[in-house]
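> Make a model of this:
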Amino acid sequence: MKYIDQIEMKGKKVFLRVDFNVPMDKAGNVTSDTRVRAHIPTINYALEKGAKLIIASHLGRPKGKRVDEMSLKPVVKILSGLLQRQVSFIDDCVGEKAEQAAANMKEGDIILLENLRFNPGEDKNDLEFAKQLAALCDIYIDDAFAVSHRAAASNSAITVFVNICAAGFLLKNEIEYFNKAMVNPARPLAAIIGGAKVSDKIGLLENLIEKVDKIIIGGGMAFTFLKAAGYEIGKSLCEEDMLELARKIANKAKQKNVQFLLPVDAVIAKRATADAEVKVCVVKEIPQDWIGLDIGPATISLFSEALQGVKTIIWNGPLGMFELPPFSTGTFAIASTVANSGALSIIGGGDTDTAIRKTGQSAKMSYISTGGGAFLELLEGKTLPGIAALEK
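Alright, predicted model coming up:
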């Protein structure tokens, strides 16, 4: 795979695939510029090297139709503000408007194309649509790691028609940090896995058991493992059809000498609300009509102790219902432990990212991945179509 800093771009039309899938309010205002900021190093580098920059992204799931609420036009103001230079918006991504705009570009010009997913060919990885996108440029740069687990016209088929293809700095960082964590990690290597469901993390857990030294389980999914181990979990979240699989995963970890840690106590309530009555109890004694919604203080101590001396930490999924104050303590406490551990720490998944940022500890983490699903699939050992296309 080539990277952006290995190619000559001066005077060339560069098609840059980014992920500007930003959150917006009902009035059409961008409510967070985090995803735009993530691409600024790549954008600035291309401009410094004299590129004519054509930026393309998707937003939401319009399913091949023009949906006004999913237009990328509001991003122009955010992007131009961050770059402190003019960004022109093109009300289409292919066709006469896009072709004319690209043809008239000068060095240092920036155009932002309309939502790629307004065209049905994008999600279908359509060769004809990809050919139209490729006709706009001389060079293709993919910086959109967050969609690299989906084969789309703008990150897969387009590479068939552009001779020079490379990865931007954001995509490069994602790959390099993944390699540091999973290909050649400093050991001991620990994985913290949370979230609601075991079923969402089967492939991840099965792959991690082959790679890591310790697995720490929290979140709603922990109660499926606890019930599988024979504990009474009250009304806590449990996937009954996953109990046998949970037992197999725990047994496999034991066979591989992987330390497999489950909560020993929980913060419980009768309902998941901010004003609910809460109490702490050991996981063996959760009353029938109570719900486990966070890890308890003994578990925080257990998990924190397990992370002492660890050299590499991967974290995917919160350890409790952190959105509500009574149930945020566990996730926030472990975030602090990870942030101050001195280990290489790689955080992935939208909810985990949100939780870490709420703690104010994000600057202390080695790397926070921008790609939820893509990060998860990499950890599962899958080949990502967007990355495979660049490697070809």
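> which residues touch I215?
A190, A191, I193, L205, L208, I209, A253, V258, Q259, F260, L261 (Cβ atoms under 8 Å, 6 or more residues apart in numbering). (Each C-beta comes from the backbone N, C-alpha and C, glycine too.)
> Surely it is in a helix?
No: counting by DSSP: H, G, I helix; E, B strand; the rest coil, I215 is not found in a helix; it is strand.
> List the buried residues in stretch 11-21.
Using 16 or more other Cβ atoms under 10 Å as the test for burial, stretch 11-21 gives K12, K13, V14, F15, L16, R17, V18, D19, F20, N21.
> Which of the contacts of I215 sits closest to Y45?
A191 (33.0 Å; Cβ to Cβ).
> And the pLDDT at that closest one?
Looking at A191, its pLDDT is 96.
> what's the answer for D200, then?
For D200, the model assigns a pLDDT of 87.
> Which residue ranges of the stretch 151-300 of the chain form helices?
169-178, 202-209, 221-228, 243-255, 297-306 (DSSP state H, counting those that start in this stretch).
> Which elements pack onto the second one?
Translated: helix 202-209. Secondary-structure packing of helix 202-209 (3 or more Cβ pairs under 8 Å, 6 or more residues apart in numbering; DSSP states H and E): strand 189-193, strand 214-217, helix 243-255, helix 372-379.
> Tell me how many other residues crowd the nearest residue to I286 once chain neighbours are set aside.
In this structure, I286 finds its nearest non-sequential neighbour in G234, 4.0 Å apart by Cβ to Cβ, 6 or more residues apart in numbering. Under the neighbour criterion other Cβ atoms under 10 Å, G234 is assigned a count of 20.
> what sits against G234?
Here G234 is in contact with I268, I286, P287, Q288, D289, W290, I291, G292 (Cβ under 8 Å, 6+ apart).
> quick one: the fourth one and V267, what's the gap?
When distance is defined by Cβ to Cβ, to the nearest Å, Q288 is 17 Å away from V267.
> One more: A389?
45 Å.
> again, but for D91
51 Å.
> which one of these two has more residues nearby?
Between D91 and V267, counting by other Cβ under 10 Å, V267 is the more crowded of the two (24 against 15).
> For the stretch 1-150 of the chain, just list every one of the strands.
13-17, 52-56, 88-90, 110-113, 139-142 (DSSP state E, counting those that start in this stretch).
> Out of those strands, flag the one nearest P385.
Per Cβ to Cβ, nearest to P385 of those: strand 139-142, 11.0 Å.
> Next, format the helices and strands packed on helix 202-209 as a markdown table and append distance to Y140.
Formatted as a markdown table, those follow (distance: least, Cβ to Cβ, whole Å):
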| stretch | distance to Y140 |
| --- | --- |
| strand 189-193 | 34 |
| strand 214-217 | 39 |
| helix 243-255 | 40 |
| helix 372-379 | 19 |
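> Of these, which is nearest V30?
helix 372-379 (19.0 Å).
> Contacts for the closest one, please.
Residues from elsewhere that reach helix 372-379, judged by Cβ under 8 Å, 6+ apart: 145-149, 174, 178, 182, 201, 204, 207-208, 314, 316, 348-350, 369, 384, 386.
> Filter these down to the buried ones, ChimeraX style.
Command for ChimeraX that selects the buried part of those, burial taken from 16+ other Cβ under 10 Å:
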select :145,146,147,148,149,174,178,182,201,204,207,208,314,316,348,349,369,384,386
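> Give me the angle between whichever strand or helix holds I356 and strand 189-193.
Element membership of I356, judged by DSSP states H and E, is helix 350-359. With axes from the mean of the first three to the mean of the last three Cα atoms, to 10 degrees as the basis, helix 350-359 and strand 189-193 are set at 100 degrees to each other.
> Report the buried residues of helix 350-359.
Here helix 350-359 shows D351, T352, D353, A355, I356, R357, T359 as buried, counting by 16+ other Cβ under 10 Å.
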